[in-house]
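Structure here, sequence nowhere to be found:
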């Protein structure tokens, strides 16, 4: 009787597994390697501005999947595969390389096979897909600002204070069940070298909000959406310890990014298996995530998500090998705007740096303009460096008169930070004066005057 009962239970369990289309072994014990799998229909907005008002914005409207190997000491996700099944007319994809991507639109099947790839902790694998309507015009419903003090890293170790102010100006939709604010730590990696890394060392509590820093790489605050007070200004603050490598010369700008997220989220039960399938609430698209190894999948799905991103700002880095140099953009205005190709006069460049830097720290001896070295430099009251060059020292390729050319000014600050900026000027040949006669009558008397006339002579004329 007992054996018969066990047989019946085995059949029932097998039936349930087939019905739910679960590939995991029933009741499998978690392996301690959490991997987040996400399917989202959302809207994204990105800005470099430090403050944004509640005005209409253009959001990128798309479907999105992601595989995130969370930081828990687990193994990499090996040979991941993402498979979409849908009746939607998907027109564009963020990764469409035929080496990894296969599309069968007649079957509504789209597959990304990343054979040979391993997703290490805490890396992720995002994919995006677009329908015909790619943009959405909408207000965010809030205003936000970001400030960082200091914004540049002049020392090997710098403690930065990041402050975010937020004010909800329109009521949230009742369907929103998730609202969070996150400050993320930026990272400068160049040619495999980790040149700047940040770690959060403190986070200011905010009344009514839960705050946490799960891995010291972000500072986050979350709240039940209905508890946010309308038109109240909230202040979020954290301290970032930023460490600059000895392989980096100069003072980089280092501003962490900020994410404001509001969404209707569903979090199905975790699955320990080789794969997991997620279906959106409207049953119009499903995503299957799989790997060669067994992991603890933590699925999430949203059909109404808004991500507002204040982008991280970090400086460029140049040099083919260490030590590397920080490179910043300079605003360069060159006078005169018309360059005489055969003149031996002086060319003047007016140089301004980003507000975080001072032109007083520029080493004039390092400044060049198309091969010509600076012969003089002075700083005016507007934090502008005025530099002189000899025109005959410019190294220019053969060009035609009246052609616009770009002149590039480069140089270096006292701490090794390099700068570069360009401006366009128009070229011209010699201006030669000749005379011509003008005759007119005044009180019945003939008067003849010889007047100068400007005439442009082509550069190959003699």
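Now that the structure is in, tell me what you want to look at. All of these numbers come straight from a predicted model, not from anything done at the bench. Numbering: from 1, shown residues only.

what's the longest strand in the chain?
The strand of greatest length in the chain, counted in residues with DSSP state E as the criterion, is given as strand 285-310.

if I look at the residue most central in space within the chain, how far off is residue 407?
Nearest residue to the geometric centre of the chain (Cα atoms, centre = their mean): residue 311, 5.5 Å. Taken as Cβ to Cβ, to the nearest Å, the spacing of residue 311 relative to residue 407 amounts to 30 Å. C-beta coordinates here come from the backbone N, C-alpha and C atoms, glycine included.

re the thing from before, okay, buried residues for the longest strand of the chain please.
Of the residues in strand 285-310, 285-291, 294-310 count as buried by neighbour count, 16 or more other Cβ atoms under 10 Å.

Equivalent analysis for stretch 141-149, please.
141-146, 148.

Check stretch 249-262 too.
249-258, 260-262.

strands paired with the helix or strand harbouring residue 164, and their directions?
Assignment of secondary structure by DSSP states H and E places residue 164 within strand 157-168. Within its sheet, and counting by DSSP bridges, strand 157-168 is paired with strand 142-149 (antiparallel), strand 233-244 (antiparallel).

Those into CSV, with extra columns for mean pLDDT and distance to residue 319?
Rendered in CSV, the data for the strands paired with strand 157-168 read as follows (pLDDT from 0 to 100; distance: least, Cβ to Cβ, whole Å):
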stretch, mean pLDDT, distance to residue 319
strand 142-149, 98, 26
strand 233-244, 97, 15
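
still on that earlier bit, following the strand holding residue 164 in sequence, what is the next regular element?
The helix or strand immediately downstream of strand 157-168 is strand 178-184, counting by DSSP H and E.

For whichever helix or strand comes after that next one, enumerate the helices and strands it packs against.
Next helix or strand after strand 178-184 toward the C-terminus (DSSP H and E): strand 187-190. When contacts are defined as 3 or more Cβ pairs under 8 Å, 6 or more residues apart in numbering; DSSP states H and E, strand 187-190 sits against strand 193-203.

Which strands or helices does the strand it packs on pack on?
Taking 3+ Cβ pairs under 8 Å, 6+ apart as the contact definition, the neighbouring helices and strands of strand 193-203 are strand 187-190, strand 218-223, strand 233-244.

Please list the residues outside it that contact it.
Counting by Cβ atoms under 8 Å, 6 or more residues apart in numbering, the neighbours of strand 193-203 from elsewhere in the structure are 153, 159-160, 183, 185-189, 211, 213, 216-219, 237-245, 247-248, 252, 254, 256, 314, 317, 322, 324.

Mark which of these are buried, thanks.
Using 16+ other Cβ under 10 Å as the burial test, the contacts of strand 193-203 include 153, 160, 183, 185-186, 188, 211, 213, 217-219, 237-238, 240-242, 244-245, 247-248, 252, 254, 256, 314, 317, 324 as buried.

quick one: residue 236 and residue 205 touch, right?
No. Residue 236 lies out of contact with residue 205 (Cβ atoms under 8 Å); the separation is 9.7 Å.

which one of these two has more residues nearby?
Shown here are residue 236 and residue 205; by other Cβ atoms under 10 Å, residue 236 has more neighbours (23 against 11).

Skipping adjacent residues, who's closest to the more buried one in space?
Nearest-residue entry for residue 236: residue 164, 4.4 Å, with adjacent residues in sequence omitted and distances by Cβ to Cβ, 6 or more residues apart in numbering.

measure that neighbour to residue 59 for me?
20 Å.

cool, and residue 139?
Residue 139 is 10 Å from residue 59, where distance means Cβ to Cβ.

Run through the residues that contact residue 188.
Contacts for residue 188 were tallied using Cβ under 8 Å, 6+ apart; they are 194-196, 248, 252, 254, 314-315, 317.

Can you name the element that comes right after the helix or strand of the chain with the lowest mean pLDDT?
Of all the helices and strands that make up the chain, the one with the lowest confidence by mean pLDDT, DSSP states H and E is helix 2-20; it has a mean of 36. Heading C-terminal from helix 2-20, the first helix or strand you meet, by DSSP H and E, is strand 34-47.

Tell me which other helices or strands that next one touches.
On the basis of 3+ Cβ pairs under 8 Å, 6+ apart, strand 34-47 makes packing contacts with strand 57-69, strand 271-279, strand 285-310.

quick one, domains of the protein?
Residue ranges for the domains of the chain, per automatic domain parsing: 27-317, 330-428.

To residue 413, which of the helices and strands packed on strand 34-47 lies closest?
strand 285-310 (27.1 Å; Cβ to Cβ).
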